[in-house]
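*Asks:* my questions concern the predicted model and sequence given below.
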Amino acid sequence: MMGLPQANNKPEGQLMIVLRSSDVESVLIQAKSLSDPVPAPKSNVELPERVLGKPSKTAMLEEDMEVAIKVVVVGNGAVGKSSMIQRYCKGIFTKDYKKTIGVDFLERQILVNDEDVRLMLWDTAGQEEFDAITKAYYRGAQACVLVFSTTDRDSFEAISSWWQKVEVEVGDIPTVLVQNKIDLLDETVIKNEEAEGLAKKLKLRFYRTSVKEDLNVNEVFKYLADKYLQRLKRQTAEEPELVHSTSNKIGVFNTTSSNPSSQNSSNGREVISLRPNKQRTKKSKNPFGGCVVL
Ligand SMILES: Nc1nc2c(ncn2[C@@H]2O[C@H](COP(=O)(O)OP(=O)(O)OP(=O)(O)O)[C@@H](O)[C@H]2O)c(=O)[nH]1
């Protein structure tokens, strides 16, 4: 768990994010300006249908749109998933271990090849008991970080099964394999060749990180964003219609509206309620620029 110090200052559930499951499956692209022809959505996440029939999104992709990428971070418990997301988004590291219950997420905005990219980092629980919950949140993921720990053999051996769990839900998405806690190399229980061999076998880019020492964490997410953008551009060039289709590839995501009263299931669609397991604050700028706690 992300273990924020202020985690319990506020009664749980004050801020509830409600997503329809189909929305979670969308590539999220946010209109940057109010003059954007895409109408302001009524709830936090809009349906892909809303973008149908509107001016070319291909052009907008180039000029007016901001790409948002849903990244899921998966792996056994205690390998450092929450710590990694916290390090990346808030620039901090805590020694405390608090198990993540269900899912959690933070986001950070970065610039990749002059393109604004919003990374939405979904932190999933590493324990099997939460599998049913976490699986639902893999849907719609556009990139994935598979993490194991230098000091935990089981976490290394579980990587293939984590990968399968994600793949079953979302297919082939940009993915990286990460060996975390390399500051503890003295205590390693995994040989270098084994880790590299696994990356080769799974055909994945491999990073060694230390969240504690802030080694290579940025690189992991930068690589994924880059890879995803390349793929998106290729797809858009090859099949511009994809952007307009109802295939849940594109959605409009409004992070400015957070009116909980508009988030309900009155339309009869399935509703997933995300209850942050720690305090969420309103979006605010912080010293790490572009990092937002939702
Ligand atoms: N030495 C060292 N410790 C780390 C590193 N990254 C995380 N930790 C520690 O490992 C423990 C587990 O970290 P978490 O980030 O909570 O692990 P998690 O994978 O989110 O665990 P679950 O929520 O159970 O899935 C914490 O005590 C962290 O401080 C690292 O790079 N080096």
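*Replies:* Sure, I can see it.

*Asks:* how confident was the prediction at Gly126?
*Replies:* Note for Gly126: predicted pLDDT of 78.

*Asks:* give the contact list for the nearest residue to it once chain neighbours are set aside.
*Replies:* Spatial nearest neighbour of Gly126, chain neighbours left out: Gly77 (3.4 Å); criterion: Cβ to Cβ, 6 or more residues apart in numbering. The way it works is simple: take the backbone N, C-alpha and C, and place the C-beta from them, glycine included. By Cβ atoms under 8 Å, 6 or more residues apart in numbering, the contact list for Gly77 reads Lys99, Ala125, Gly126, Gln127.

*Asks:* between those, which sits nearest Asp154?
*Replies:* Comparing the contacts of Gly77 against Asp154 with Cβ to Cβ places Gly126 closest, at 10.6 Å.

*Asks:* what segments of the stretch 51-200 of the chain are helices?
*Replies:* 57-63, 81-90, 131-138, 153-157, 159-170, 192-202 (DSSP state H, counting those that start in this stretch).

*Asks:* still on that earlier bit, near the ligand, which of the contacts of Gly77 show up?
*Replies:* Lys99, Ala125, Gly126 (Cβ under 6 Å from any ligand atom).

*Asks:* ok, the closest residue to the second one other than its chain neighbours - how many residues close by?
*Replies:* The shortest distance from Ala125 to any non-neighbouring residue, by Cβ to Cβ, 6+ apart, is to Thr100 (4.5 Å). Thr100: 24 surrounding residues under other Cβ atoms under 10 Å.

*Asks:* around the ligand, which positions in the stretch 101-250 of the chain sit nearby?
*Replies:* Counting by Cβ under 6 Å from any ligand atom, the stretch 101-250 of the chain sits next to the ligand at Ala125, Gly126, Asn180, Lys181, Asp183, Leu184, Ser210, Val211, Lys212.

*Asks:* measure the closest residue in space to Val145 that isn't next to it in sequence to Met84 for me?
*Replies:* Excluding the flanking residues, the one nearest Val145 by Cβ to Cβ, 6+ apart is Val73, at 4.5 Å. The spacing between Val73 and Met84, counted by Cβ to Cβ, to the nearest Å, is 6 Å.
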